[in-house]
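# pasting the sequence and the predicted coordinates here, then a few questions.
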Amino acid sequence: MIEMHDVHFTYAGTIKPVLDGIDVMIGNNETVLLLGASGAGKSSLVLCLNGLIPNSIYGEFSGVVRVGGKDTSITPIAELARQVGIVFQDPEAQLVTMKVEDEVAFGMENLCLGPNEMERRIEVALQQTGLSEFRQWQIDKLSGGQKQRLALASVLCMQPRILVLDEPTANLDPEGTRELFAILRNLRKSGNYTIIMIEHKLDDLMDMADRVLVLGKNGRIIADGHPREVFYHKYNELIQEGVWLPYSVTFTCELIKRGIAVSGTPLTVNETVEMLERIRLTGENDEFALQAAAGIASRMNAEAVNDTAHTFVGKIQPSLVKDELAIEIRPVEFTQKKACILRPMHLCVPKGDFLAIVGKNGAGKSTLARYMIKLQQADKGVIYLHGRDLVEWPVHDMAREVGYVFQNPEHQFVTNRVFDELAFGLKGMQLSPDEIYSRVEQMLDRFGLKKYIEANPFQLSHGEKRRLSTASMLITGQRLLILDEPTFGQDGRNAHQLMQLMKELQETGHTIIIISHDMGLIAEYADHAAVLKTGRLIFHGTVQALFDRKELLVEAGLNLPPSVEIERQFRAASV
Amino acid sequence: MSYLHRLNPLSKLLAIGPPAIFLALTTNVWTPLLFINLTIGITLMLGRIPLMRYAKVCAPMLLIVLGFILLYPLLVSDRINEGSELLFSFGFVDVYESGVLFGLATGLRLLAMLVLSLLFTLTTDTADLIRALIQQWRVNYRFGFGTLAVLRFIPILMQQFQLVKMAHQVRGYTGKGSRRIMERTQRYALPLLSSSLRHAERMAYSMDSRAFGAYRTRTYFRRSSMARQDYIFIGSFWIGSTLAVLILFHFDMLGKLSLFKTYH
Amino acid sequence: MEKDLAYSKPVQRRRAAWNTKDILITGMIGVVFAFVLLAVTFAYFPLAAILGPAYSRITDGIFMIPGLMALYLIRKPGAALVSMTIGGLVMLPFSPYGLIGIVWAALAGLECEVPFLAVLYRKYSTLFLMISGSVATILSTLLEYPLYGHAALSIGVQITMLVVSAVGGAIGGILSKLLAESMLKLGLLADYRRSSLDHTYRK
């Protein structure tokens, strides 16, 4: 179906090839996961499949790509578009028209199909993606998940044999992700499609994937085979490379590293639990295995499980412990002046806490965070920062006290040099140039950015930009740090590094608040969770307590991370 | 949806085209004044535009018109003022009647053309216009849909602008002071321009992979066409304008027509 | 040798013709600058009141930036026209000039094209961008004569007007080049680098 022979590609104006000798064959109806660190060239590889490379994107290309026996470099785009359909990461950047049915028709119009045929295919495609009832809707009224399904529908109607999905769920909340995966599962079952997917939410895909391809930073395929083989044989290499791995794999390999005899190579939660069962039945490892399992499964939360004193809902007398609180929100309307989606809530964040704000897209997570840092003005007597009404904080003092890291780090850059970027915050603090220099250097060192001290912030890689913007938010000694989707668009290694750094900060007395969809990371790093649903705070307590409330998770559109699921299931089985 | 909103965008363009060209040639005060009143009436009634909204859109243009009326008497060359009555003299500035009339006419002429075009812009969806242009006036579809795709980006651009503003605020960056205006512009321009160009690039890949531009033509699921009401609208608008001109001519209020307006 | 062959394989559209990306990038430049230009338009009114109609023309060059920048990046005939026309379309609902605005924008696009047409779209140096900016703004001032009746102004005012707008145009030319180059430096639009950076990178 797809053949790639010795494919090389270098973007115009760069020296390092993104693809450096790719040799791959992908058969009919295979479902392939394409993995790799960020910047490894996964997207470029995918763009070779429908001829965009080398036909529309210039650079130095060599080698042969054949799709369905046709050489992509000489086959007209229209013909390839009938063979290969691509769904990209950002739903906004792939929808052209204003209305749902127009969008589905767009591709078919390009293929010059007749109106009757289009009508028929629109109906089928919308049905396949569960969007039939939205046919007459305006696109901007759809949710992110629906938009992404629409993007899929508009590709399906061109009846391709090969479906390519380039991080389709990166912008979606857990619910949207689940729905999209369910559709893909059905498409796979129909047996009509070869599916190639770039994705890092691997745990939910392990039942689907027939094969894993790993693209290395060197531009070559560094692993290829059944997921079981690839993940277990190349575990260390993949970790080094920075690839996201399914939780079950990490878990099992860590067990092995701890010297526990493991039988089997589980990929899913169920398989892992079964494996643990087997270990327990062998007898000797019993207690040890259990401890290790629980220990890793919720590394940071182990103590929190038994520590109910940290559950703050309604327990804290604000007047008594005012000083201990980083943020306190009192249960009155946020503002009388204009409409606000947030309902009155009582939320206390103690100093030194690690809080995760979770909920569906549009539940008001970012809005809440913005109120905390005065980007949205709350009325007097609603929000208190370090025991003082936020309204009374001068903006400058507050900026030294609270840091806020935006989803897109580029937005925050205010200078043209990495050094200046950090020095900027120190201006007006009456420090000597030497003092400024040493502080900046120290901070850059801590974030692994020292070698870029003279670089332009915009020229850093995505992960580095994110680290720089985080560093710039700590330079004046901010004690409270709010991060909006800190792991968005990052590869596994960068994400874990950043979260580890946050954890260290917490240990040195900082308060960390993150907004995230990644329940796995939250289970691993956060202490407390606040769950929002349509502007209401429906839960605030320890992360473990949240995972005990199944019905609440469903209500808020969240899911149980595999780590917790393994732990719970195993514990239930052993009782 | 008012009557004007329902019309095909192109019929509105066709209707207001000839009167607009004619107005560009006028030199006196009465012709634009009559057209301004008629057009505002039609727009407000047939387009169901609230008066306040209309006034808001018009306000900046009224300022320009005022500017012309105030400045032109001072700036016009002596040729025009020759033989005209001196209204008043202030130091070395002499204000003549013909100078004032010239400024007034220029201002009103601009206003008249604006008001005509508002009839179109206030009642037309840009996406519909592009669709009609592609299908009926054979505008190159690749450019048409390209335009449509980038227009969809506008709300996102607005959002990002707000985000950048917030991000600056969080960093305590105000960039205040008129000397910093270049720096401040740069701080907004770089992230916004780079993210929009990146967006355009991705959009292009997505469209290309859906066979956009693969053939010289393409088919359309929804057709855009002229209905009877469109022809009726164009016809009556033209007839109405002609009648207005004839009436002005009859009462000798049309004034001279001129392309360059150097002499009266 | 083999690489070169693969590189120059025939594509569906000739390289000189517009591809989808060119269209979208050009359009996007128009869209983004539409808002900048709207801001400038509104800032122009008080400025014109203070400086008078001649000296306020210093802002003329800014209006040419989207056209010049698109031409500089895309380097294909019509880039300025397309980007300015789309910009005009965006401004349509907000602009105080209404429909005339889009005609004006399209004309400004054509004015940017004129100097490049004269050299068959082969020159893109800073100096040439300054010159084309000046030519474009002078043309645009001349084209205003029928509508605004500039001919009625005294000769001195007319000359100042033209000179000031030419200076403004040159400034616009420099700014367009700087902006385009900074975009390329950020690693965007890898494709277009072929044309703007020197050829040391490409073999």
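Thanks, I have the structure now. Numbering: from 1, shown residues only, chains lettered A, B, ... in the order given.
# ok, B:Phe102 touching C:His150?
No: the pair B:Phe102 and C:His150 fails to qualify as a contact (Cβ atoms under 8 Å) at a distance of 11.9 Å. C-beta coordinates here come from the backbone N, C-alpha and C atoms, glycine included.
# any idea how far the residue most central in space within chain C is from C:Leu139?
Centrality entry for chain C: nearest residue to the mean C-alpha point is C:Gly67, 2.0 Å, by Cα atoms, centre = their mean. Remark: distance between C:Gly67 and C:Leu139 (Cβ to Cβ, to the nearest Å) = 12 Å.
# list residues touching both of these two?
Common neighbours of C:Gly67 and C:Leu139, using Cβ atoms under 8 Å, 6 or more residues apart in numbering or on different chains, are C:Glu111.
# is any part of the longest helix seen in chain C close to chain B?
Criterion DSSP state H: the longest helix present in chain C is helix C:20-55. Yes: using Cβ under 8 Å from any Cβ of the partner chain, we find that helix C:20-55 touches chain B at C:20-21, C:23-25, C:27-32, C:35-36, C:42, C:45, C:48-49, C:52-53.
# if I look at A:Pro17, how far off is A:Asn50?
From A:Pro17 to A:Asn50 the distance is 20 Å (Cβ to Cβ).
# in terms of neighbours, single out the busier of those two.
A:Asn50 (28 against 21; other Cβ atoms under 10 Å in any protein chain shown).
# in space, what's closest to the more buried one - neighbours in sequence excluded?
A:Val84 (4.2 Å; Cβ to Cβ, 6 or more residues apart in numbering or on different chains).
# please apply the same query to C:Ser132.
Using Cβ to Cβ, 6+ apart, the closest residue to C:Ser132 is C:Pro115 (3.7 Å).
# any idea which helix or strand carries that neighbour?
Following DSSP states H and E, one finds C:Pro115 within helix C:98-118.
# what mean pLDDT does that helix get?
Averaging pLDDT along helix C:98-118 yields 85.
# phi and psi next, for whichever residue of chain B sits closest to chain C.
Closest contact between chain B and chain C, by Cβ to the nearest Cβ, is at B:Ser117 (3.0 Å). Here is the backbone geometry of B:Ser117 (degrees, to the nearest 10): phi -70, psi -30.
# same check, this time on A:Cys157
Torsion angles, degrees, to the nearest 10, at A:Cys157: phi -70, psi -10.
# tell me who's in contact with it.
Here A:Cys157 is in contact with A:104-105, A:107-108, A:118, A:121-122, A:124-125 (Cβ under 8 Å, 6+ apart).
# so of these, which ones are in helices?
A:104-105, A:107-108, A:118, A:121-122, A:124-125.
# quick one: low-confidence parts of the stretch 151-300 of chain A?
A:283-300 (pLDDT under 70).
# just the strands in it please.
A:162-166, A:194-198, A:211-215, A:221-225 (DSSP state E, counting those that start in this stretch).
# which one of those lies nearest to C:Val135?
Of all the strands of the stretch 151-300 of chain A, it is strand A:162-166 that lies closest to C:Val135, at 44.4 Å by Cβ to Cβ.
# go ahead and confirm the residue nearest to C:Ser132 touches C:Met130.
No: checked against Cβ under 8 Å, the pair C:Pro115 and C:Met130 is beyond contact range at 10.3 Å.
# for chain C, give me the ranges with low pLDDT.
Checking chain C against pLDDT under 70 turns up C:1-16, C:45, C:49, C:53, C:93-99, C:147-149, C:190-191, C:193-203.
# show me which residues of stretch A:371-381 are buried.
Neighbour counts over stretch A:371-381 (16 or more other Cβ atoms under 10 Å in any protein chain shown) mark A:371-376, A:378 as buried.
# dump those to a markdown table, plus distance to A:Ile327 and secondary structure.
A markdown table is the format used below for those (distance: Cβ to Cβ, whole Å; DSSP: H, G, I helix; E, B strand; the rest coil):
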| residue | distance to A:Ile327 | secondary structure |
| --- | --- | --- |
| A:Tyr371 | 10 | helix |
| A:Met372 | 6 | helix |
| A:Ile373 | 10 | coil |
| A:Lys374 | 12 | coil |
| A:Leu375 | 14 | coil |
| A:Gln376 | 14 | coil |
| A:Ala378 | 12 | coil |
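# on the three-state scheme, the residue nearest to A:Glu167 when sequence neighbours are not counted is what?
Excluding the flanking residues, the one nearest A:Glu167 by Cβ to Cβ, 6+ apart is A:Gln89, at 4.2 Å. Under DSSP: H, G, I helix; E, B strand; the rest coil, A:Gln89 falls in the coil class.
# need the contact list for A:Gln89.
With Cβ under 8 Å, 6+ apart, A:Gln89 has these contacts: A:166-168, A:170-171.
# next: A:Gly509.
A:Gly509 neighbours (Cβ under 8 Å, 6+ apart): A:351-352, A:479.
# what's across from B:Leu86 in the sheet?
Beta-bridge pairing of B:Leu86 under DSSP bridges involves B:Tyr96.
# so which bits of stretch A:130-149 are buried?
Those buried within stretch A:130-149 under the rule 16+ other Cβ under 10 Å are A:130-131, A:134, A:139, A:142-149.
# from A:Phe458, how far out is B:Leu133?
B:Leu133 is 37 Å from A:Phe458, where distance means Cβ to Cβ.
# who has more neighbours out of B:Phe102 and C:His150?
B:Phe102 (26 against 20).
# okay, the angle between the helix or strand where the more buried one lies and helix C:98-118?
Element membership for B:Phe102, per DSSP H and E: helix B:97-121. Calculated by axes from the mean of the first three to the mean of the last three Cα atoms, to 10 degrees, helix B:97-121 forms an angle of 90 degrees with helix C:98-118.
# what lies in contact with the helix or strand that helix B:97-121 is followed by?
Next along the chain after helix B:97-121, taking DSSP H and E as the criterion, comes helix B:126-136. The contact list for helix B:126-136 (Cβ under 8 Å, 6+ apart) reads A:97-98, B:8-10, B:139-141, B:144-145, B:147-148, B:151, B:220, B:222-226, C:89, C:92-93.
# what pLDDT is listed against B:Ala36?
No Ala there; residue B:36 is Ile. So, for B:Ile36, pLDDT stands at 90.
# what residues are up against it?
Counting by Cβ under 8 Å, 6+ apart, B:Ile36 has contacts B:108, B:111-112, B:115.
# that older thread, CSV for the ones in helices among the contacts of A:Cys157, including neighbour count?
Shown next, in CSV, are those (neighbours: other Cβ atoms under 10 Å in any protein chain shown):
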residue, neighbour count
A:Val104, 29
A:Ala105, 25
A:Gly107, 29
A:Met108, 26
A:Met118, 22
A:Arg121, 20
A:Ile122, 23
A:Val124, 15
A:Ala125, 24
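# cross-check those against chain B and keep the overlap.
A:105, A:107-108, A:118, A:122.
# for A:Gly264, state which of those residues is nearest.
Of those, the one sitting nearest to A:Gly264 (Cβ to Cβ) turns out to be A:Gly107, at 44.7 Å.
# circling back: who wins on neighbours among the contacts of A:Gln89?
Neighbour counts for the contacts of A:Gln89 peak at A:Pro168, which has 27 neighbours (criterion: other Cβ under 10 Å).
# ok, that one to B:Ala55 distance?
Distance, A:Pro168 to B:Ala55, by Cβ to Cβ: 47 Å.
# mind putting the buried residues of stretch A:130-149 into JSON lines with secondary structure?
Formatted as JSON lines, the buried residues of stretch A:130-149 follow (three-state DSSP):
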{"residue": "A:Gly130", "secondary structure": "coil"}
{"residue": "A:Leu131", "secondary structure": "coil"}
{"residue": "A:Phe134", "secondary structure": "helix"}
{"residue": "A:Ile139", "secondary structure": "helix"}
{"residue": "A:Leu142", "secondary structure": "coil"}
{"residue": "A:Ser143", "secondary structure": "coil"}
{"residue": "A:Gly144", "secondary structure": "helix"}
{"residue": "A:Gly145", "secondary structure": "helix"}
{"residue": "A:Gln146", "secondary structure": "helix"}
{"residue": "A:Lys147", "secondary structure": "helix"}
{"residue": "A:Gln148", "secondary structure": "helix"}
{"residue": "A:Arg149", "secondary structure": "helix"}
